[in-house]
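[1] predicted model and sequence follow; I will ask about them next.
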Amino acid sequence: MDLRQGIGLRKLGMTPDEFQQDLLSNLYYRRGTTVESASARDAYETLSQTVRDRLAERRARTAAAHYASNPRWVYYLSAEYLLGAQLEQNLLYSGTGELAAEAVKALGFSLEDVEDLDVEPGLGNGGLGRLAACLVDSMATRDIPAVGYGIRYDLGIFRQSIAEDGQTEHPDDWAFQGNPWEFPAPDDRQTVGFYGHTEPLPGSPARKRWVPGEIVLGEPSHMLVPGFGTETVNIIRLWKAHASEASFDLTSFSAGQYAEAVQEAVRAENISKVLYPDDSTELGRELRLKQQYFLVSCSLRDIIRRFRLRNEGWDTFADKTVIQLNDTHPTIAIPELMRLLVDEYELDWDAAWQITRKTFAYTCHTLLPEALETWPVRMFEKLLPRHLEIVYLINMLFLREVEARFPGDHDRLRRMSIIQEEPDRRVRMAHLAVVGTEAVNGVAELHSKLLRETVLDDFAELWPAKFQNVTNGVSPRRFMRIANPRLADLITEGLGDDGWIRDLDRLAELEPLADDASFLERWWAIKRANKVDLAAGDPDSLTDVMIKRFHEYKRQQLKLLHVITQYHRIREDPGGDWVPRTVLFAGKAAPAYHAAKDIIHLIATVGARIAADPVVSPYLKVVFPSNYNVSLAERIIPAADLSEQISLAGKEASGTGNMKLALNGAVTIGTLDGANIEIRARVGAENFFLFGMDAYQAAQTRLDGYDPRRHYDQDAELRAAVDALTSGVFGDVGHRVAGSLLGRDEYLTLADYRSYIQCQDDVEVAWRDQARWTRMSVLNTALSGFFSSDRTVADYAARIWRVSAVPVPRED
Ligand SMILES: *Cc1c(COP(=O)(O)O)cnc(C)c1O
């Protein structure tokens with residue numbers, strides 16, 4: 001039996017009988033219970049195992065095919081993965097949905113009961129983590145050999161509750177009941193060092209010995225990432241920190257000092273305790289840097305281990321390996337690979353640097369200067385003394401390169417240095433990421449352009465060919481097929497088959513149906529049914545949604561000013577012919593971001609006041625479901641009529657919420673920001689509500705000396721809205737938000753107010769014509785196929801990764 005070819009596996013049955021047999025055997029042998037006493041949780045656990053086994057079998061064949069072809073691999077390094085619930089996805093991807101429904105029915109449960117127990121692993125914050133999840137999905141769907149690396153946080157993103165006093169955070173112990181989708185792999189554990197000092201090594205002056213002061217173990221587990229409509233099953237490998245045995249102090253324990261005995265162990269295990277620990281203290285910040293190095297160190301050793309399964313020496317490492325850095329959080333991988341190659345594997349510096357630079361690629365996710373990560377040199381040196389030496393050497397050689405190109409330009413050297421000198425000495429991670437990689441990409445066309453023109457302009461001048469754009473995308477499985485089954489079925493009917501789920505450009509074939517009255521009727525009816533399911537408000541009202549993290553640049557405050565203006569208008573003319581609207585906000589604010597939490601608080605307060613007003617409430621309702629996550633997004637998006645994408649132009653890198661909503665037939669009201677521009681170009685200007693300044697006008701407005709008061713003074717409706725905030729009825733929080741708007745108004749909210757209000761008036765005109773609106777909705781879906789993450793992955797594969805697909809043979 002040749003196990004390497006995957007031969008010898010019994011193919012798991014896919015008939016109702018075989019599936020049920022396997023479910024029962026899992027119930028008896030793995031769960032240790034019986035049909036008579038099975039609880040919903042027993043049903044959930046055994047169903048998950050039965051589905052998981054089918055994917056695991058495909059995983060074994062995938063691993064055999066990958067081993068046989070010794071391909072070039074993509075390794076995706078990300079501090080975050082916002083995966084969403086797993087059961088429904090895995091049922092779809094393994095084609096076992098109907099078998100599962102039947103089998104759990106035999107145990108006395110409905111599939112919905114069982115799915116309710118599936119907990120979403122909240123290992124990410126928002127867009128960046130969700131992008132990582134969509135990309136690994138699409139890599140598997142495109143048969144690209146890939147591993148995603150991340151951290152298995154015990155506590156993911158906090159659970160949010162919302163009351164009239166705003167947001168409260170609760171810990172999210174997501175794996176409290178276990179996680180049936182995870183395979184622990186303790187044999188592949190890695191050892192990670194921190195602190196300590198370095199010592200010279202004889203021979204090469206570039207080599208050093210690092211003697212760490214603390215040792216922590218990284219224990220991996222992996223989750224399966226199946227492709228859709230293909231055999232490939234890739235993995236995400238997540239690292240959990242463990243204390244080494246040596247850190248348990250038996251002497252203290254024996255003396256009854258239990259807390260002291262485990263102190264060091266607790267400290268070690270804190271590394272994977274929480275996603276983004278509070279960084280308002282020095283210790284919290286150091287813990288974040290520790291997490292970054294922990295992820296990088298474990299993952300690189302694992303990548304090298306995997307390389308060595310089929311390859312020898314280092315000549316082919318960069319040909320077989322591309323490591324994509326999802327933002328700067330994993331950038332320490334660059335000096336870490338240098339350290340491994342130079343200190344441990346004894347390559348000379350130049351050879352190691354050539355390999356390193358060819359191996360990495362970097363995706364930048366921001367334009368906000370305050371979001372560009374830097375670390376104090378002092379902290380870096382204390383935690384990672386050897387890495388700082390390496391960064392210094394990389395920087396010295398890099399600055400020599402710059403000096404050779406631009407002799408005597410000291411200002412340029414200061415600007416480009418990896419080390420910031422003033423006002424304090426810090427390591428600039430984005431600079432390190434640009435210097436140490438072969439390709440740098442932004443995530444939407446405008447973003448990539450602005451990176452080249454502003455934030456990274458000096459680097460783009462030095463290395464123009466290094467800078468690329470790869471516009472983000474979203475998974476049509478998760479955000480269409482799973483989230484919106486009614487619409488997916490209608491599309492399948494309209495197109496004649498469901499091949500569009502893997503080939504989203506085919507949505508364009510829907511275009512002629514936008515003129516078919518009966519198709520439009522059915523489309524409208526589906527939107528309405530989705531609104532009934534969501535139960536957020538009157539299903540016949542215009543469902544106006546703003547769902548995303550709370551951040552001042554995203555401008556939820558602008559949406560709130562519109563709500564207050566609408567409130568005033570209705571109050572002044574209660575008999576008017578108003579378009580009923582349900583305004584739905586959802587999103588979390590970072591726990592220490594007080595201005596964003598104020599906006600949540602104020603929305604809740606204003607919403608309660610409107611709900612209590614019998615004159616206004618028939619026409620205007622504000623709802624704020626708590627705890628925005630992937631599962632909630634999947635419920636809201638199919639019900640949305642209007643998609644609010646109203647960030648200040650030049651601030652949102654791309655957005656992916658905008659894509660999910662457009663694909664589900666919501667019409668966008670938005671600025672010329674991020675991927676909005678590309679959405680508008682594709683769906684057509686007549687099917688998109690555009691308002692506000694563009695990025696260049698916004699920058700110019702600032703340069704001209706922006707004064708929010710001028711807009712307040714000149715616009716009576718705006719004045720009334722802001723005055724309402726300071727009138728006292730909304731309490732202190734109203735004062736604070738108004739104060740920030742009239743004071744600095746950092747994100748030019750008041751400057752875009754009038755244009756936004758006028759645009760919302762146009763929205764209502766369009767909405768009153770149901771056929772016109774539905775046509776716009778259909779065309780948004782039909783013309784957004786470009787925004788599939790399958791296309792994003794194809795772009796990365798062709799232009800940055802230069803990898804080919806490795807199909808996994810089917811076993812019949
Ligand atoms: C898509 C998504 C985001 C990103 O939304 P943007 O509007 O692009 O900021 C954030 N959180 C969740 C749960 C998502 O599904």
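    Looks like it came in fine.
[2] okay, now residue 611: neighbour count?
    Residue 611 has 14 neighbours, counted by other CB atoms under 10 Å. All C-beta spots, glycine's among them, are computed from the backbone N, C-alpha and C.
[3] next, the residue lying closest to it once chain neighbours are set aside: secondary structure please.
    Nearest non-adjacent residue to residue 611, counting by CB to CB, 6 or more residues apart in numbering: residue 617, 5.7 Å away. Secondary structure, DSSP: H, G, I helix; E, B strand; the rest coil: residue 617 is coil.
[4] what number of residues lie near residue 617?
    Other residues lying near residue 617 total 15 when counted by other CB under 10 Å.
[5] pLDDT score for it?
    The predicted structure scores residue 617 at 97 on the pLDDT scale.
[6] ok, residue 257 next?
    We have a pLDDT of 78 for residue 257.
[7] quick one: contacts for the closest residue to the ligand within the stretch 251-400 of the chain?
    Nearest residue of the stretch 251-400 of the chain to the ligand, counting by CB to the nearest ligand atom: residue 365, 10.9 Å away. Counting by CB atoms under 8 Å, 6 or more residues apart in numbering, residue 365 makes contact with 127-128, 326-327, 443, 653.
[8] give me every residue that touches whichever residue of the stretch 351-500 of the chain sits closest to the ligand.
    As assessed by CB to the nearest ligand atom, the ligand sits closest to residue 474 within the stretch 351-500 of the chain, at 6.9 Å. The neighbourhood of residue 474, defined by CB under 8 Å, 6+ apart, consists of 130, 134, 656, 659-660, 663, 787-789.
[9] same question, residue 690
    Counting by CB under 8 Å, 6+ apart, the residues that residue 690 touches are 670-672, 680, 759.
[10] give me that answer again for 10 Å
    668-672, 676-677, 680, 755, 759, 762 (CB atoms under 10 Å, 6 or more residues apart in numbering).
[11] buried subset of the residues you listed, written for PyMOL?
    Applying 16 or more other CB atoms under 10 Å to those leaves a buried subset, and the PyMOL line that selects it is:
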select buried, resi 668+669+670+671+672+676+677+680+759
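[12] and the contacts of residue 690 as a markdown table, adding pLDDT and secondary structure?
    As requested, the contacts of residue 690 are exported to a markdown table (pLDDT from 0 to 100; DSSP: H, G, I helix; E, B strand; the rest coil):
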| residue | pLDDT | secondary structure |
| --- | --- | --- |
| 668 | 98 | strand |
| 669 | 98 | strand |
| 670 | 98 | strand |
| 671 | 98 | coil |
| 672 | 98 | coil |
| 676 | 98 | helix |
| 677 | 98 | helix |
| 680 | 98 | helix |
| 755 | 98 | helix |
| 759 | 98 | helix |
| 762 | 98 | helix |
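[13] between all of the contacts of residue 690, which two are separated the most?
    Maximum pairwise distance in the contacts of residue 690, criterion CB to CB, is 19.0 Å, between 677 and 762.
[14] list the beta-bridge partners for the residue of the stretch 351-500 of the chain closest to the ligand.
    For residue 474, the beta-bridge partners are residue 788 (DSSP bridges).
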